[in-house]
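Visitor: fold the following.
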Amino acid sequence: MSKIKNTINNNQNSALMPMVILTSLFFILGFVTWLNGPLIPFFELACELSQSQAYFVAFAFYIAYFVMAIPSSWVIEKVGYKNGVSLGLVVIAIGAFLFYPAAETRTFLFFLVALFVMGTGLAILQTAANPYVVVIGPRESAAARISVLGIANKLAGFIAPIVLTALVLSNMQDYTTDKIAALDSIAKSAALDTLALQLQIPYLYMGLIILVLAVLVKLSPLPEIDLDEDGNVAHLNIFKQIINAFKYPQLVLGVITLMLYLAAEVLAGDSIGSFGKQLGVYGEDGNFYLKLTSFTMTAMVVGYILGITLIPKYVSQVQALKASGILGLILVLLIVSISPNIMFQLPGIPALPLVIILVALMGLANALCWPAIWPMALQDLGGYTKIASAILIMGIIGGAIFPLAYGSLVESINLANEANGVAKTAKSGNQVAYLMLLPAYLMIIFYAFKGHKYRSWSRK
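Guide: Numbering: from 1, shown residues only. Take a look at the predicted model:
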């Protein structure tokens, strides 16, 4: 498959240390990514934004994947995969450090720049780290390694909102919208400045930890790899490679499916906090709605565990993707149909609207989409596999565009409801706007049943 320098030492234990390093990297990747969910309602309050403006948090972060995926591939071509991993971590750390001056000035645009820089670092890290998953050990155990890294990623997504809430947002009950609105302009500005400054120390520490990890990766025994295996492709310039790669329908349809799946995954994680806040899910400490992203991540971890248990012994990746698309479709229809006044009690937590639980369960529907779509889209691409991987990463733009569209749709529906005297708790824009995910799950279903089989555009 690949030429690996020193054949990774031909040592049975050679995979252990790289696997530990990769697990740490994917944990960091998940932790940084899923902090965005609780940051959306936080910035909406601290920077005095509308809901649609607050969703620029997701846009700034995920648009970096689209913009930087191909440049990341070029950078790694120059510096190598191991140095690419280290470089990606350094860029993420720089983005984290930028939160310090952004919080000092309480400037939303500055925060967006910091998020874009962090997204750029993650794009480099993803492009550099993913090939290691396959080559650091036997091919027959590659699926198990991918599953372990996926769980590490989503486990971090479960922990991140809890940690952020504990370290930064523990006193949100003192900064509710109503309390802030009751202050005069000077007191209000001082209170919001104090709120924003709470981000400084945690992000400073996070940047330092990631910087240390970058140094450790640089000094680690992580092997350098060389995936330039096809001379017929390697001599082509990057633009010609992209044009030729788009001749494969399984890739093009896979990119579209991945983009729409990312829309569903990001909205399930990032919108649940704002939706919970709109429904009055505050809890005794006043900040429980900020922890709701962890519910979605828990559902995704359950999905990964089911995948490890059932695939391929009981079900195939294709069957898992079919089930994921159908479950997602059913959940969206239920979310937009049921009354938000129906409550559901889970042990040890405040009673929640059932619709919130259904949004979290979309995490279960989404869990196996990435590991299923990715290999289907890359199948039979030969020497174009490398550039196709970068193109697939560009599909993460779905996580940038759809949250913005969701926020705008929510505002327009809520304004219409307000004009018509509709109660806030009765089918708000937050709830109805989930209808926009129907095309996403329909595309997932199509790709699972038919789209991934296409090998020629002339095939009917």
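Visitor: mind checking the longest helix of this structure?
Guide: helix 108-135 (DSSP state H).
Visitor: so for that one, what gets flagged as buried?
Guide: 108, 110-135 (16 or more other C-beta atoms under 10 Å). Every residue, glycine included, has its C-beta placed from N, CA and C.
Visitor: same check on stretch 300-314?
Guide: For stretch 300-314, using 16+ other C-beta under 10 Å, the buried residues are 300-301, 303-304, 306-307, 311.
Visitor: and the angle for the helix or strand hosting residue 82 with helix 108-135?
Guide: Following DSSP states H and E, one finds residue 82 within helix 81-97. Relative orientation of helix 81-97 and helix 108-135, computed by axes from the mean of the first three to the mean of the last three C-alpha atoms, to 10 degrees: 160 degrees.
Visitor: tell me what helix 81-97 is packed against?
Guide: helix 16-33, helix 56-79, helix 108-135, helix 200-219 (3 or more C-beta pairs under 8 Å, 6 or more residues apart in numbering; DSSP states H and E).
Visitor: what's the least confident stretch among the ones you listed?
Guide: Ranked by mean pLDDT, the helices and strands packed on helix 81-97 end with helix 16-33 at the bottom, a mean of 82.
Visitor: and residue 357, how many residues sit next to it?
Guide: Using other C-beta atoms under 10 Å, residue 357 is surrounded by 17 other residues.
Visitor: give me the phi and psi for the nearest residue to it once chain neighbours are set aside.
Guide: In space, and not counting its chain neighbours, residue 357 is closest to residue 344: 5.3 Å by C-beta to C-beta, 6 or more residues apart in numbering. Main-chain dihedrals, residue 344, degrees, to the nearest 10: phi -140, psi 130.
Visitor: that older thread, what about the helix holding residue 82, average pLDDT?
Guide: 92.
Visitor: just want the angle from that helix to helix 56-79.
Guide: Using the same axes, to 10 degrees, helix 81-97 lies at 150 degrees relative to helix 56-79.
Visitor: residue 351 versus the residue nearest to residue 357, what's the distance?
Guide: Applying C-beta to C-beta, to the nearest Å, the value for residue 344 to residue 351 is 7 Å.
Visitor: just residue 386 next, same as before
Guide: Distance of residue 386 to residue 351, given as C-beta to C-beta: 51 Å.
Visitor: who's more crowded, the two?
Guide: A direct count of neighbours by other C-beta under 10 Å for residue 386 and residue 351 places residue 386 higher, at 22 against 11.
Visitor: so which strand or helix has that one?
Guide: helix 385-394.
Visitor: what packs against that helix?
Guide: Checking 3+ C-beta pairs under 8 Å, 6+ apart, helix 385-394 ends up next to helix 56-79, helix 108-135, helix 238-245, helix 249-270, helix 369-378.
Visitor: give me the residues contacting stretch 250-257.
Guide: For stretch 250-257, the surrounding residues in contact (C-beta atoms under 8 Å, 6 or more residues apart in numbering) are 245-246, 373-374, 376-381, 384, 388, 391-392, 394-395, 443-444, 446-447, 451-455.
Visitor: buried subset of the residues you listed?
Guide: Buried members of the contacts of stretch 250-257, scored by 16+ other C-beta under 10 Å, are 245, 373-374, 376-378, 381, 384, 388, 391-392, 394-395, 443-444, 447, 451-452, 454.
Visitor: make JSON lines from the helices and strands packed on helix 81-97 and add distance to residue 412 to it.
Guide: As requested, the helices and strands packed on helix 81-97 are exported to JSON lines (distance: least, C-beta to C-beta, whole Å):
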{"stretch": "helix 16-33", "distance to residue 412": "28"}
{"stretch": "helix 56-79", "distance to residue 412": "17"}
{"stretch": "helix 108-135", "distance to residue 412": "21"}
{"stretch": "helix 200-219", "distance to residue 412": "33"}
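Visitor: any idea which of those helices gets closest to residue 149?
Guide: Proximity to residue 149 (C-beta to C-beta) singles out helix 16-33 among those, at 4.3 Å.
Visitor: mind listing what's buried along that closest one?
Guide: For helix 16-33, using 16+ other C-beta under 10 Å, the buried residues are 18-19, 21-23, 25-33.
Visitor: so it versus helix 249-270, what angle?
Guide: 60 degrees.
Visitor: next SSE downstream of helix 16-33?
Guide: helix 36-46.
Visitor: on contacts alone, who are the packing partners of the helix or strand where residue 295 lies?
Guide: Assessed by DSSP H and E, residue 295 sits inside helix 293-310. Applying 3+ C-beta pairs under 8 Å, 6+ apart, we find helix 293-310 packed against helix 36-46, helix 142-167, helix 249-270, helix 272-278, helix 317-335, helix 354-366.
Visitor: chain center to that helix, what's the gap?
Guide: Helix 293-310 sits 14 Å away from the centroid of its parent chain (C-alpha atoms, centre = their mean, to the nearest Å).
Visitor: what's the burial count for residue 279?
Guide: Using other C-beta under 10 Å, residue 279 is surrounded by 20 other residues.
Visitor: my read: it touches residue 340, true?
Guide: Yes - assessed by C-beta atoms under 8 Å, residue 279 is found in contact with residue 340 at 5.8 Å.
Visitor: out of the helices and strands packed on helix 81-97, which is closest to residue 40?
Guide: Using C-beta to C-beta, the helices and strands packed on helix 81-97 put helix 56-79 closest to residue 40, at 5.1 Å.
Visitor: may I have stretch 389-408 as CSV, with CA atoms only?
Guide: The C-alpha coordinates for stretch 389-408 follow below in CSV (Å, rounded to 0.1, in the frame of the first residue of the first chain):
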residue,chain,number,x,y,z
SER,A,389,-8.7,12.6,1.2
ALA,A,390,-8.0,16.3,1.1
ILE,A,391,-11.1,16.9,-1.0
LEU,A,392,-13.2,14.9,1.5
ILE,A,393,-11.8,17.1,4.3
MET,A,394,-13.2,20.1,2.3
GLY,A,395,-16.6,18.6,2.8
ILE,A,396,-16.4,19.6,6.4
ILE,A,397,-17.7,23.0,5.1
GLY,A,398,-21.1,21.6,5.8
GLY,A,399,-20.4,22.3,9.4
ALA,A,400,-19.7,26.0,8.5
ILE,A,401,-22.7,26.8,6.2
PHE,A,402,-25.6,24.9,7.8
PRO,A,403,-25.4,26.4,11.3
LEU,A,404,-25.5,29.9,9.8
ALA,A,405,-28.5,28.9,7.7
TYR,A,406,-30.1,27.3,10.8
GLY,A,407,-29.6,30.5,12.9
SER,A,408,-31.1,32.7,10.2
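Visitor: which parts of that stretch are buried?
Guide: Of all the residues in stretch 389-408, those buried under the rule 16+ other C-beta under 10 Å are 389-408.
Visitor: pLDDT on it, on average?
Guide: 87.
Visitor: check stretch 415-423 too.
Guide: Averaging pLDDT along stretch 415-423 gives 74.
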